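Enquirer: Fold the following and give me the result.
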Amino acid sequence: MSRGADPDSAVALEADRDAVVALWRACGLTRPWNDPVADFDAAIGNATSDILLFRDGDGLVASVMVGFDGHRGWVYYLAVDPARRREGVGRRMMDAAETWLRERGAPKIQLMVRSDNIEAVAFYEALGLERQEVATLGRRLG
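Expert: Numbering: from 1, shown residues only. The predicted structure is shown next:
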């Protein structure tokens with residue numbers, strides 16, 4: 001999904017913000033403590049991240065946020081329109097994310113899934129991702 005490689009795919013621009021955030025909300029990916037608009041703006045305004053889109057005609061079907069921190073590639077906000085699930089679009093978005101990360105030299109791909117999201121865990125495992133034996137620790141900075 002490099003820029004211009006596929007007429008139905010693109011890298012998100014500022015004008016895509018409302019549609020992408022609406023898709024994230026429709027897919028249940030947002031939480032009150034995370035501002036999806038700020039997440040969108042940070043991703044598209046950063047040289048080490050992008051939001052990849054898949055459109056079918058004029059409509060937004062899917063998105064995925066990708067980033068490379070210099071050590072690991074990260075995937076966030078993989079969203080597929082609920083009416084378009086089970087068509088291979090999620091797999092296509094993960095392929096695009098992996099391509100984006102490989103092009104930047106990322107040696108490993110990682111993502112976080114809420115532990116109660118059994119369907120998402122099963123999706124990623126079906127794609128060959130494995131559970132990692134790590135504890136995720138964090139603290140809000142603000």
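Enquirer: Specify the strand with the largest residue count in the chain.
Expert: strand 59-68 (DSSP state E).
Enquirer: Tell me the first helix or strand C-terminal of that one.
Expert: strand 73-80 (DSSP states H and E).
Enquirer: helices and strands around that next one, which ones?
Expert: Helices and strands touching strand 73-80, by 3 or more C-beta pairs under 8 Å, 6 or more residues apart in numbering; DSSP states H and E, are helix 17-26, helix 36-44, strand 59-68, helix 89-103, strand 109-111. C-beta here means a position set from N, CA and C on the backbone, and glycine is covered the same way.
Enquirer: which other residues reach the first one?
Expert: Counting contacts by C-beta atoms under 8 Å, 6 or more residues apart in numbering, the residues outside helix 17-26 that touch it are 12, 30, 36-37, 40-41, 51, 53, 60, 62-63, 77, 79, 81-82.
Enquirer: one more time with 7 Å
Expert: Here helix 17-26 makes contact (C-beta atoms under 7 Å, 6 or more residues apart in numbering) with A12, T30, P36, V37, F40, I51, L60, S63, Y77, A79, D81, P82.
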